[in-house]
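> Below is the sequence, then the predicted model.
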Amino acid sequence: MMNLLITGGAGFIGSNLIRQVIDEPEISKLVNLDCLTYAGHLANLEGIHGSHPRYFFEQVDLRHQEEVIRVIRQHDITHVIHLAAESHVDRSIAGPDDFIATNINGTFHLLEACRSHWFNPETSIQMRASRFLHVSTDEVFGSLSPDAPAFTEATPCAPNSPYSASKAASDMLVRSYHHTYGLPAMITRCSNNYGPYQFPEKLIPVAIQSILYRQPVPVYGDGMNVRDWLHVGDHCEALWTVLTQGTPGGTYNIGGCNEHANLYLVQQLCDIVDELQPALGGNSRALLSFVADRPGHDRRYAIDATKLSFELGWKPAHTLEAGLRETVNWYLEHQDWVKAVTSSQRS
């Protein structure tokens with residue numbers, strides 16, 4: 001049985017993860033720690049927040065060390081999936097301070113809180129059956145050339161933005177706590193996620209909303225930056241698999257096996273919206289608008305998830321076509337949610 005802490009549980013991936021695992025028989029208590037920044041919304045957990053008997057919510061900022069310690073001790077946390085992070089690259093370029101404070105210092109506070117609760121301070125012997133899963137990103141590896149092999153777990157980190165640098169630094173902290181203190185920690189590095197409840201500042205929801213409202217659909221540079229696209233449901237399944245079956249000290253890449261240029265992706269979204277919403281008039285590709293490229297924009301990411309597949313048996317279930325269609329449908333049916341979360345940001 002586990003008392004599971006999910007940090008960032010009111011965000012995009014965190015809320016999907018909570019929905020996916022809350023009824024797993026191993027879980028006796030699930031604690032959602034989230035400070036509810038602009039991208040964290042309890043509306044993402046409708047039907048669970050305030051009603052599920054296993055669910056508890058703590059509105060805590062990871063930068064507040066004493067509060068993090070309190071949560072770990074008060075709920076006798078045995079397992080952690082650490083998702084909370086500042087994650088939008090554009091925001092990290094405009095203001096990197098929050099990324100350093102949350103992604104690095106916040107991770108340090110969480111590691112220290114777990115170490116103090118799980119280990120005997122006099123003998124440094126682990127007293128609880130516990131696991132710590134740190135969720136990172138393929139962006140820590142930097143940029144790939146068009147013909148280069150995909151990132152593996154052995155690829156050196158070479159981050160190119162303040163966001164990816166802060167994530168690489170937190171990865172190294174987690175690694176050091178395993179090797180120095182024996183903390184039963186693991187790291188996952190995933191490719192670009194998409195799916196329900198993604199805050200409308202990322203490429204896919206931005207494109208969907210722009211198409212629906214017949215506004216220019218922004219595409220950075222020439223649109224040929226390549227990403228591997230991972231459905232959030234597949235990511236959540238992989239996280240649960242690593243938490244329960246992975247090897248402490250291990251690192252696992254999680255990829256969607258859907259490597260495509262951003263331009264292709266946005267074109268597919270245009271076509272899906274045209275099909276599902278013919279009243280808009282069609283020809284949504286005419287809305288594509290090429291804008292100045294992001295500073296330091298990595299050209300290509302690609303994930304080799306062979307290790308995770310071979311060792312733990314995980315494979316993505318969604319094709320890109322099916323996943324995009326499902327995602328567009330979700331946004332079409334949840335325009336009230338989009339208006340609510342974007343209006344709360346403005347207020």
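Yep, it's here. Residues are numbered from 1 along each chain as shown.
> give the contact list for L269.
204, 207-208, 211, 324, 328 (CB atoms under 8 Å, 6 or more residues apart in numbering). (C-beta placed from N, C-alpha, C; glycine too.)
> buried ones in stretch 225-244?
225-243 (16 or more other CB atoms under 10 Å).
> low-scoring stretches of the stretch 201-347 of the chain, by residue?
344-347 (pLDDT under 70).
> one more time with 90
201, 293-297, 342-347 (pLDDT under 90).
> Which stretches in it count as strands?
217-220, 226-231, 251-254, 259-261, 288-291 (DSSP state E, counting those that start in this stretch).
> Among those strands, which comes closest to L4?
Among the strands of the stretch 201-347 of the chain, strand 251-254 comes nearest to L4, with 18.4 Å by CB to CB.
> Could you spell out the sheet neighbours of the closest one, each with its direction?
With DSSP bridges as the test, strand 251-254 is paired with strand 185-190 (parallel).
> Per-residue pLDDT of the residue of the chain positioned farthest from its centre, please?
Ranking residues of the chain by C-alpha distance from their mean position (CA atoms, centre = their mean) puts E122 at the top, at 36.2 Å. Here, the pLDDT recorded for E122 equals 84.
> backbone phi and psi for it, please?
Backbone torsions of E122, given as degrees, to the nearest 10, read phi -90, psi -40.
> Against L312, how distant is it?
36 Å (CB to CB, to the nearest Å).
> quick one on the thing from earlier: now that we have the contacts of L269, can you turn them into TSV and tack on distance to C270 and neighbour count?
What follows is the contacts of L269, written out as TSV (distance: CB to CB, whole Å; neighbours: other CB atoms under 10 Å):
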residue	distance to C270	neighbour count
I204	12	23
A207	8	26
I208	10	25
I211	6	25
L324	11	23
V328	10	24
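> Any idea how many residues pack against N283?
A count of neighbours around N283, defined by other CB atoms under 10 Å, yields 9.
> And A154, by the same measure?
For A154, the count of nearby residues is 8 (other CB under 10 Å).
> Which parts of the stretch 51-200 of the chain are strands?
55-58, 79-82, 131-137, 185-190, 192-194.
> Looking at those, which is nearest to V71?
strand 55-58 (5.0 Å).
> What strands flank the closest one, and is each parallel or antiparallel?
Here strand 55-58 is paired, per DSSP bridges, with strand 27-33 (parallel).
> Which elements pack onto the lengthiest helix in the chain?
Ranked by number of residues, the top helix in the chain under DSSP state H is helix 162-181. In terms of contacts (3 or more CB pairs under 8 Å, 6 or more residues apart in numbering; DSSP states H and E), helix 162-181 is packed against helix 89-94, helix 97-99, helix 107-118, strand 131-137, strand 185-190.
> Sounds good, over and out.
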